[in-house]
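Colleague: mind folding the following:
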Amino acid sequence: MLVTFGLALLLDVPVLSNPKEVMVDNGVVTAGSGVALLALDILLPIPSSIIMATMGNLFGIALGALLSFTGMMLSCLLGYGIGRLWGDRWMRNTDAEKQRRSLQILEKWGGFALIVTRPIPVLSESVVILAGIKKMSLKTVFLTCAIGLLPTSIFYAVVGAYSTSLKSNVWSFVTVILLALAFMLVKRSLDRKKEISLQ
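Modeller: Have a look, this model is predicted:
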């Protein structure tokens, strides 16, 4: 990879040394590619946070967030479909510990689990597939995923619009994770208060 990068700099290949201009000039292709990559995040190890930040940088906050939201929603629906249609095969080919952890979260939190796990890699994919296996209603999956993805998409678009440094992307990811944990703590607190009131 380093040799390839060095050759790109020596040969001054525009698309490799400064890809932003090429991406901007081919906006429709870039936008479509970004959405497609985010949609395939359910199947492939796609760096979704970097792509979402890039969408914000290239297309601005509003359009960048919309493109990221669209791609990630397609990923959720694809994951749900995989769970509904090929759940048994997925269960056989997936790490048992990952399944157990995801199932535990889904059973405990229900639709809320789909909201809080959207920004968390691997876990988000497992939970939405398990929602399909458990035959959660499509309406519930769509609404909860949308609620979880909207702030995440906007956040990364804002980060991308103002900065494209790796350091900023890492910190934005950490912030989104902390927000997800905060939601979980609030939900747990509300559940405890409900249990106390029922007693």
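Colleague: for Ile129, give its distance to Gly160.
Modeller: 28 Å (Cβ to Cβ, to the nearest Å). For the C-beta atoms, the positions are set from N, CA and C on the backbone; glycine is no exception.
Colleague: any low-confidence regions in this structure?
Modeller: 1-26, 95, 97-99, 163-184, 186-188, 190-199 (pLDDT under 70).
Colleague: let's see it at 90
Modeller: 1-34, 41-60, 83-127, 129-130, 133-136, 156, 158-199 (pLDDT under 90).
Colleague: could you name the helices and strands sitting against the helix or strand in which Phe69 is found?
Modeller: Assessed by DSSP states H and E, Phe69 sits inside helix 48-92. In this structure, helix 48-92 packs against helix 19-25, helix 27-39, helix 123-133, helix 138-162, helix 166-198, with contacts taken as 3 or more Cβ pairs under 8 Å, 6 or more residues apart in numbering; DSSP states H and E.
Colleague: list the buried residues in the fourth one.
Modeller: Within helix 138-162, the residues scored as buried using 16 or more other Cβ atoms under 10 Å are 141, 144-146, 148-161.
Colleague: what angle sits between that helix and helix 123-133?
Modeller: 160 degrees (axes from the mean of the first three to the mean of the last three Cα atoms, to 10 degrees).
Colleague: going forward, count from 850.
Modeller: Yes, from this point I'll number from 850; that puts the last item at helix 987-1011.
Colleague: nearest residue to Arg933 other than its sequence neighbours?
Modeller: Gly981 (4.2 Å; Cβ to Cβ, 6 or more residues apart in numbering).
Colleague: could you list every residue that touches that neighbour?
Modeller: Gly928, Tyr929, Gly930, Ile931, Gly932, Arg933, Leu934, Gly936, Val990 (Cβ atoms under 8 Å, 6 or more residues apart in numbering).
Colleague: any idea how far Ala885 is from the second one?
Modeller: If I follow you right, that is Tyr929. On the measure of Cβ to Cβ, Tyr929 and Ala885 end up 18 Å apart.
Colleague: and what of the last one?
Modeller: Taking Cβ to Cβ as the measure, Val990 falls 21 Å from Ala885.
Colleague: ok, Leu987 next?
Modeller: 22 Å.
Colleague: could you do Met985 as well?
Modeller: For Met985 relative to Ala885 (Cβ to Cβ), the value is 26 Å.
Colleague: got the contacts of Gly981 as TSV, with distance to Val878 columns?
Modeller: Output for these, formatted as TSV (distance: Cβ to Cβ, whole Å):
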residue	distance to Val878
Gly928	25
Tyr929	28
Gly930	26
Ile931	27
Gly932	31
Arg933	32
Leu934	31
Gly936	35
Val990	30
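Colleague: quick one, which of these are buried?
Modeller: Applying 16+ other Cβ under 10 Å to the contacts of Gly981 flags Gly928, Tyr929, Ile931, Gly932, Arg933, Gly936, Val990 as buried.
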